[in-house]
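J.: Give me a model of this one.
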Amino acid sequence: MIAESFDQRTLANMEVALDRACKVLAGAGERHDARRHIASKILECAERGDRTLIALTEAGQAAASELCTAHGV
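T.: Numbers count the residues shown, from 1 in each chain. Sure, this is the predicted structure:
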């Protein structure tokens, strides 16, 4: 599904962005629901056509920040 929609570079950038954003959350970043939320925001960014590592990382970090705010982390 996702692999068919994007080239290898974009997929790699998305993976790096997800890993970077999850590190911000420390242990909470390993929770499936947190990773899924962050991944969905990264995917939205890529689907809009902004597929640079910088843009994808910013989208992931914004999602992680949302989670921190929502959970008081």
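J.: How far off centre is the longest helix belonging to the chain?
T.: Criterion DSSP state H: the longest helix present in the chain is helix 53-71. Distance of helix 53-71 from the chain centroid (C-alpha atoms, centre = their mean, to the nearest Å) equals 7 Å.
J.: Can you pull out the residues in contact with it?
T.: Residues from elsewhere that reach helix 53-71, judged by C-beta atoms under 8 Å, 6 or more residues apart in numbering: 13-14, 16-18, 20-22, 24-25, 28-29, 34, 37-38, 40-42, 44-46, 50, 73. Any C-beta I mention is one placed from the backbone N, CA and C, and that applies to glycine too.
J.: 10 Å instead, please
T.: Applying C-beta atoms under 10 Å, 6 or more residues apart in numbering, the contact partners of helix 53-71 are 9-10, 12-26, 28-29, 31, 33-35, 37-46, 48-50, 52, 73.
J.: In ChimeraX, how would I select the buried members of these?
T.: Per 16 or more other C-beta atoms under 10 Å, the buried members of the contacts of helix 53-71 correspond to this ChimeraX selection:
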select :10,13,14,17,18,20,21,22,24,25,28,29,34,35,37,38,39,41,42,43,45,46
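J.: Can you name the residues that contact residue 21?
T.: With contact taken as C-beta under 10 Å, 6+ apart, residue 21 is in contact with 29, 34-35, 37-39, 41-42, 56-65, 67.
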